[in-house]
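Student: Predicted model and sequence below, questions to follow.
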Amino acid sequence: MLPKQPIVIKTLIEATINQAIVGPVVSYFLFPVGQYFGMSGMLSALPSYQEMFFGICFAAVFNGFMFYWAHRTFHSKPLYATFHKQHHEYSGPISISAEYANPLEQVLANQIPSIGGALIFGRHPLVLFVWVFLRAQETYEAHSGYCFKNTIFDYLGLAHADDATHHDFHHSVNQGNFGIIYMDWLFGTMDGYCAAGYQEGYIAKKFPEIKKN
């Protein structure tokens with residue numbers, strides 16, 4: 001069921017502020033960081049496949065580590081009510097709820113973790129653009145409320161079915177599952193999700209009307 005209309009309107013307003021104002025300001029101040037670490041210009045030769053691969057891998061690892069700890073920190077008592085509670089107004093997230101965040105959280109937990117790795121890696125801007133596209137697609141699907149397990153998208157490696165149920169559990173019970181799955185496993189913050197039966201068990205409990213073939 002879709003959330004009440006007022007929160008959708010608030011989300012669109014928040015997304016506009018974060019993407020049209022906060023994002024460009026953050027990019028303006030972080031661009032010199034990329035230059036410092038050797039990021040080439042827009043008109044330079046295209047990066048090699050090897051450079052693209054390792055650049056995106058580094059960006060993914062950096063994002064996984066930084067987002068986990070930033071998100072977990074925003075769940076601490078001193079910060080949750082002031083900053084992160086807003087995002088959890090969606091107990092059942094939809095894709096645009098990924099954008100429903102306080103501007104400070106948007107900068108520290110979303111924007112800097114997302115682009116920081118590509119900037120520090122300091123290579124061609126195309127690495128950054130491709131990574132940001134992949135990261136946005138992942139987070140919108142993780143918030144979508146849909147699990148594309150065993151679909152053509154999943155078989156082609158284009159779906160993030162595990163991330164979708166993993167993060168849906170986080171919004172449903174508002175505990176654990178703070179980031180990418182391996183980070184929660186490493187730091188012991190997915191016990192509730194595992195107790196619920198991991199992906200298959202969680203889906204079965206949340207949607208008992210779904211029968212296995």
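Tutor: Great, that's in hand.

Student: Nearest to the spatial middle of the chain, which residue is it?
Tutor: Thr139 (3.9 Å; CA atoms, centre = their mean).

Student: Which secondary structure state does Phe148 sit in?
Tutor: coil (DSSP: H, G, I helix; E, B strand; the rest coil).

Student: The spatially closest residue to it that is not a sequence neighbour: what's it in contact with?
Tutor: Nearest in space to Phe148, with sequence neighbours left out and distances taken as CB to CB, 6 or more residues apart in numbering, is Ala159 at 3.9 Å. For every residue, glycine as well, the C-beta is placed using N, CA and C. Remark: with contacts taken as CB atoms under 8 Å, 6 or more residues apart in numbering, Ala159 is in contact with Glu141, Phe148, Lys149, Thr151, Phe153.

Student: before we move on, back to that, before we move on, which element is the residue nearest to the centre of the chain in?
Tutor: Remark: Thr139 resides in helix 125-142, with elements defined by DSSP states H and E.

Student: How many residues are close by Tyr146?
Tutor: Other residues within reach of Tyr146 by the criterion other CB atoms under 10 Å amount to 16.

Student: which residues sit in contact with the closest residue to it other than its chain neighbours?
Tutor: Distance criterion CB to CB, 6+ apart; nearest residue to Tyr146, sequence neighbours excluded, is Ala164 at 6.4 Å. Contacts for Ala164 (CB under 8 Å, 6+ apart) come out as Glu141, Ala142, Ser144, Gly145, Tyr146, Cys147, Phe148.

Student: Which pLDDT value belongs to Ala164?
Tutor: What the model reports as pLDDT for Ala164 is 88.

Student: For Cys147, see how far away it is.
Tutor: Relative to Cys147, Ala164 is positioned 5 Å away (CB to CB, to the nearest Å).

Student: what's the burial count for Pro6?
Tutor: Other residues close to Pro6 by other CB under 10 Å number 8.

Student: what comes up buried for stretch 81-90?
Tutor: Of the residues in stretch 81-90, those with enough neighbours to count as buried (16 or more other CB atoms under 10 Å) are Phe83, His84, Gln86, His87, Tyr90.

Student: how much space between Phe187 and Ile181?
Tutor: Note on Phe187: its distance to Ile181, by CB to CB, is 11 Å.

Student: quick one, which of the two is more surrounded?
Tutor: The residue with the greater number of neighbours, taking Phe187 and Ile181 and applying other CB under 10 Å, is Ile181; the counts read 17 against 13.

Student: Give me the residue ranges of the chain where confidence is low.
Tutor: Across the chain, residues meeting the criterion (pLDDT under 70) sit at 1-5, 122, 207-213.

Student: Do you have the helices of it handy? List them.
Tutor: Chain-ordered helices for the chain, with DSSP state H as the definition, fall at 5-17, 23-36, 49-74, 77-79, 103-105, 112-121, 125-142, 152-155, 161-173, 181-186, 191-195, 198-206.

Student: Pipe these into a markdown table and attach distance to Ser97 per row.
Tutor: Formatted as a markdown table, the entries for those read as follows, by distance: least, CB to CB, whole Å:
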| stretch | distance to Ser97 |
| --- | --- |
| helix 5-17 | 6 |
| helix 23-36 | 17 |
| helix 49-74 | 14 |
| helix 77-79 | 19 |
| helix 103-105 | 13 |
| helix 112-121 | 17 |
| helix 125-142 | 9 |
| helix 152-155 | 21 |
| helix 161-173 | 8 |
| helix 181-186 | 20 |
| helix 191-195 | 19 |
| helix 198-206 | 17 |
